[in-house]
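J.: Pasting the sequence and the predicted coordinates here, then a few questions.
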Amino acid sequence: MKIFRLSLQSTYAESEKVPDFVSDIQNEIGLDEAIAGKLMLILSEAATNAIVHGNELDESKKVDIELQFGPKKITAIVKDEGQGFDPESSTDDPLAEENLLKAGGRGVFLIKKLADNVEFSDGGTKVKFEIWLNSN
């Protein structure tokens, strides 16, 4: 198993490090383009949610990311230092007509739709998601 870590300050600029982080890993381990794209999208959403909603853009707080690459799956863990939230309370479908123009509410929805498995823990300050490999 190969493990990669990234620690971010809670700013929008720091969230922009996620695509380079994934690209560097893709180049290092030869990750499939489609899997890398999926990972980049889900991880970017999770990191941005942690920075903006979890840590409320408080630069003194960190977001820690860990990616574990095994033979059958990628496991990602994103942890913030915020107050947490109830992931079950953010169940509004952003595709529903009444929610289409809302500014937020898409991050958790996208993570749940795109990842093969998602778990929230530590009062909502930690999200773990999996992308299964060779699922075709």
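T.: Yep, that arrived.
J.: ok, V127 touching G84?
T.: No - using Cβ atoms under 8 Å, V127 is not in contact with G84, being 10.8 Å away. To be clear about C-beta, it is placed using only N, CA and C from the backbone, and glycine gets the same treatment.
J.: more crowded one of those two?
T.: Between V127 and G84, counted using other Cβ atoms under 10 Å, the more crowded position is V127 (28 against 15).
J.: which residues does the more buried one bridge with?
T.: For V127, the beta-bridge partners are V78, F120 (DSSP bridges).
J.: Let me see the contact set for the most centrally placed residue in the chain.
T.: Nearest to the mean C-alpha position of the chain, counting by Cα atoms, centre = their mean, stands A46 at 2.6 Å. A46 sits next to 76, 78, 107, 111, 127, 129 when contact means Cβ atoms under 8 Å, 6 or more residues apart in numbering.
J.: Alpha carbons of the strand or helix carrying it, in PDB - could you do that?
T.: Assigned by DSSP states H and E, A46 belongs to helix 33-49. Only the C-alpha atoms of helix 33-49 are listed here, as PDB (Å, rounded to 0.1, in the frame of the first residue of the first chain):
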ATOM      1  CA  GLU A  33      -6.700   9.000 -16.300                       C
ATOM      2  CA  ALA A  34     -10.400   8.300 -15.500                       C
ATOM      3  CA  ILE A  35      -9.700   7.300 -12.000                       C
ATOM      4  CA  ALA A  36      -7.400  10.300 -11.400                       C
ATOM      5  CA  GLY A  37     -10.100  12.600 -12.700                       C
ATOM      6  CA  LYS A  38     -12.700  11.100 -10.400                       C
ATOM      7  CA  LEU A  39     -10.300  11.300  -7.500                       C
ATOM      8  CA  MET A  40      -9.500  14.900  -8.200                       C
ATOM      9  CA  LEU A  41     -13.100  16.000  -8.400                       C
ATOM     10  CA  ILE A  42     -14.200  14.200  -5.200                       C
ATOM     11  CA  LEU A  43     -11.100  15.200  -3.200                       C
ATOM     12  CA  SER A  44     -11.400  18.800  -4.400                       C
ATOM     13  CA  GLU A  45     -15.000  18.900  -3.100                       C
ATOM     14  CA  ALA A  46     -14.100  17.300   0.200                       C
ATOM     15  CA  ALA A  47     -11.100  19.600   0.800                       C
ATOM     16  CA  THR A  48     -13.100  22.700  -0.200                       C
ATOM     17  CA  ASN A  49     -16.000  21.700   2.100                       C
END
